[in-house]
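Q: need a structure here:
(one chain, ligands or ions: 1)
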Amino acid sequence: MDIHLHNTKTRKKELLTPVTPGRVGMYVCGPTVYDRAHIGNARPVIVFDVLYRLLRHAYGAENVTYVRNFTDVDDKIIARAEETGREIGDITAETTAWYLEDMAAVGALEPTKMPRATDWIGAMVEMIEGLIGSDHAYAAEGHVLFRVRSYEAYGALSGRSVDDMIAGARVEVAPYKEDPMDFVLWKPAKAGEPGWDSPWGKGRPGWHIECSAMADALLGESFDIHGGGNDLMFPHHENEIAQSRCAHPEGEFARIWMHNEMLQVEGKKMSKSLGNFFTVRDLLDQGVPGEVIRFVFLGTHYRKPMDWTEKKRQEAEKKLDRLLRALSISIELVCPPSHEFADLPKGMQIGLEDDLNTHAALFSLEQQAELVEGLASGDIVSGEPHQGDATREAAVAFATGLDVLGLYELLIARKQRRLAETSSLDEVHLAFVAHYELAKQNKDFSVVDELKAKLLDAGVEVRIRQGGVDLIPGSNFDPTKLDGCK
Ligand code: ZN
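A: As a prediction, this is how the structure comes out:
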């Protein structure tokens, strides 16, 4: 297995060669916890979840460390606390729980480690002291600032020069800064704001130092992959690199930098003013299941802008129902996912090794589903004496493919929902037939007509024919409305 990933730093696809052979460390910038995650926030989560799952299959689950932080102290959180009159700790605890719940709903595994910034203030203070000691940072008026011009390679990741950045960026000019580009490592706490004691007075860390300190503590001075949305490339990731490389000149910090592109809705940038802004929870509450969200996301390569459209949502529903048939076969044959990379369908191996091409992997998965169905139904006459083994092998590959893309558990839940829907429809059918027979005897069809209207509202068409009644669920079938139809 040779996993190639596009490295933003070198602008090339590179072979993943772990710092420690046989083990992989990955850091992904996590959320600032003050509100529900919008669907754009779910993109890096799903992208790096697929990578995490792939690495676990390739290197063994115990050999992959995936760190994603929670930023639980920040100006936005403090502002939210002031607006609502709530405690900061309540807001961050509630939002953290929401985040984990919503990301689990789209099939994301929890990372190996999920450090909260406020638990690592000591490590941040220590790193800042080191940077002051080596002249890369200076204290001024309760602040500590990073001296950007002390790090020659600043801007290399995003390919900008410091002077261009000053010309183009909204840099904050402040009297205590030596240079407008210098960024905050530590800032003083105003009255009523959360703060920690430090050599520079009571204050709180800047956002960027958080990731540098936690990545260092949990993954070491050199590790394999750092990921995030491409909106974080500058200044956040440039600043992380500057801090970490200056604090640990011997270390490499991250070898490979991966950035996912942004998400749009129906071809437009998502924004509150355009009215096309929604959260993952909004979609789930509207009845768009997690597997559909995930499937739509995986259809676009992570380095391309992704367009969320109603048409794609509908297509995903249909395609997932097709995958369910092959899943049922693999469950019947007791062929659960394997943990081996080599058991993936060949097309998926090739696609995923090539910079995480999930679009190609999905295509291969759909072909594998057809193969499983074909073999199982005996459509393919191989002439081999052990056709049963071929079916089993194909079913294992299919289940493994689903698992690596994070769809296996989600599809099992979809199958269970479908079964529950069918059995509740069966109950409604029995009740309807009983009412219908009674109506024929009494020559009073008012109850039957009422039931028909309710069923129509639930998306079920009633067809009464000679010798029986058929209930036919349509595409707008809503099983939650069946309770009133008995
Ligand atoms: Zn970060």
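Q: show me which residues of stretch 465-481 are buried.
A: Neighbour-count burial for stretch 465-481 flags Leu471, Pro473, Phe477, Pro479 (criterion: 16 or more other Cβ atoms under 10 Å). Quick note: C-beta positions are derived from backbone N, CA and C, even for glycine.
Q: my read: the last one touches Thr422, true?
A: No - applying Cβ atoms under 8 Å, one finds Pro479 not in contact with Thr422, separated by 9.1 Å.
Q: hmm, back to that, of the buried residues of stretch 465-481, which belong to helices?
A: Among the buried residues of stretch 465-481, no member is found in helices (DSSP state H).
Q: using TSV, lay out the residues you listed together with distance to Phe234.
A: Shown next, in TSV, are the buried residues of stretch 465-481 (distance: Cβ to Cβ, whole Å):
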residue	distance to Phe234
Leu471	58
Pro473	51
Phe477	48
Pro479	48
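Q: Asn69: which of these is nearest?
A: The shortest gap between Asn69 and any of the buried residues of stretch 465-481 belongs to Pro479, at 39.5 Å (Cβ to Cβ).
Q: gap between the closest one and Leu5?
A: Separation of Pro479 from Leu5 (Cβ to Cβ, to the nearest Å): 42 Å.
Q: which residues of the stretch 101-250 of the chain fall in helices?
A: Counting by DSSP state H, counting those that start in this stretch, the segments of the stretch 101-250 of the chain that form helices are 121-133, 162-168, 207-219, 238-247.
Q: from the chain's centre, how far out does the third one sit?
A: What it means is helix 207-219. The chain centre lies 21 Å from the centre of helix 207-219; the measure is Cα atoms, centre = their mean, to the nearest Å.
Q: for the shortest one, same thing?
A: On the basis of Cα atoms, centre = their mean, helix 162-168 sits 33 Å off its chain's mean C-alpha point.
Q: got it, and stretch 457-474?
A: Worked out by Cα atoms, centre = their mean, stretch 457-474 lies 40 Å from the chain centre.
Q: report all helices and strands that the lowest-mean-pLDDT helix or strand in the chain contacts.
A: Within the chain, no helix or strand scores below helix 162-168, which has a mean of 74 by mean pLDDT, DSSP states H and E. Contact analysis of helix 162-168 by 3 or more Cβ pairs under 8 Å, 6 or more residues apart in numbering; DSSP states H and E lists no helix or strand as a packing neighbour.
Q: give me the contacts around it.
A: Val148, Arg149, Tyr154, Gly155, Arg160, Val171, Pro180, Met181, Phe234 (Cβ atoms under 8 Å, 6 or more residues apart in numbering).
Q: now those residues as TSV including distance to the ion, neighbour count and pLDDT?
A: Shown next, in TSV, are the contacts of helix 162-168 (distance: Cβ to the ion, whole Å; neighbours: other Cβ atoms under 10 Å; pLDDT from 0 to 100):
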residue	distance to the ion	neighbour count	pLDDT
Val148	17	24	95
Arg149	22	11	93
Tyr154	16	23	94
Gly155	17	21	92
Arg160	18	19	83
Val171	19	17	67
Pro180	22	14	88
Met181	19	21	90
Phe234	12	17	90
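Q: residue of the stretch 251-400 of the chain closest to the ion, please.
A: Ala254 (10.5 Å; Cβ to the ion).
Q: could you chop the chain up by domain?
A: Using automatic domain parsing, the domain parsing of the chain gives 4-264, 309-406, 415-485.
Q: out of these, the one nearest Phe295 is which?
A: Of all the domains of the chain, domain 309-406 comes closest under Cβ to Cβ, at 4.2 Å.
Q: wait, the residue of the stretch 251-400 of the chain closest to the ion sits on Gly228?
A: No - applying Cβ under 8 Å as the test, Ala254 and Gly228 come out as separate, 10.5 Å apart.
Q: and these two? Which one has more around it.
A: Ala254 (27 against 24; other Cβ atoms under 10 Å).
Q: could you check how far that one is from Leu157?
A: According to Cβ to Cβ, Ala254 stands 10 Å off from Leu157.
Q: got any residues that touch both of these two?
A: With Cβ under 8 Å, 6+ apart, Ala254 and Leu157 have common neighbours Ile241.
Q: got the residues of the stretch 101-250 of the chain near the ion?
A: Neighbours of the ion within the stretch 101-250 of the chain, by Cβ under 5 Å from the ion: Cys211.
Q: can we see that at 8 Å?
A: The stretch 101-250 of the chain has residues Trp207, His208, Glu210, Cys211, Gly228, Leu232, His236, His237, Glu240 near the ion, with proximity defined as Cβ under 8 Å from the ion.
Q: hmm, which of these are the buried ones?
A: Buried, going by 16+ other Cβ under 10 Å: Trp207, His208, Glu210, Cys211, Gly228, Leu232, His236, His237, Glu240, out of these.
Q: ok, which stretches of the stretch 1-150 of the chain are strands?
A: Assigned by DSSP state E, counting those that start in this stretch, the strands in the stretch 1-150 of the chain fall at 4-7, 12-15, 24-28, 64-68, 137-140, 143-146.
Q: now the fourth one, how far from the centre of its chain.
A: Strand 64-68 sits 14 Å away from the centroid of its parent chain (Cα atoms, centre = their mean).
Q: so which residues make contact with that strand?
A: By Cβ under 8 Å, 6+ apart, the residues outside strand 64-68 that reach it are 23-30, 48, 52, 55-56, 111-115, 214-215, 218-219.
Q: and the angle for that strand with strand 24-28?
A: 10 degrees (axes from the mean of the first three to the mean of the last three Cα atoms, to 10 degrees).
Q: close to the ion, is strand 64-68?
A: No - Strand 64-68 stays clear of the ion (Cβ under 8 Å from the ion), getting no nearer than 9.6 Å.
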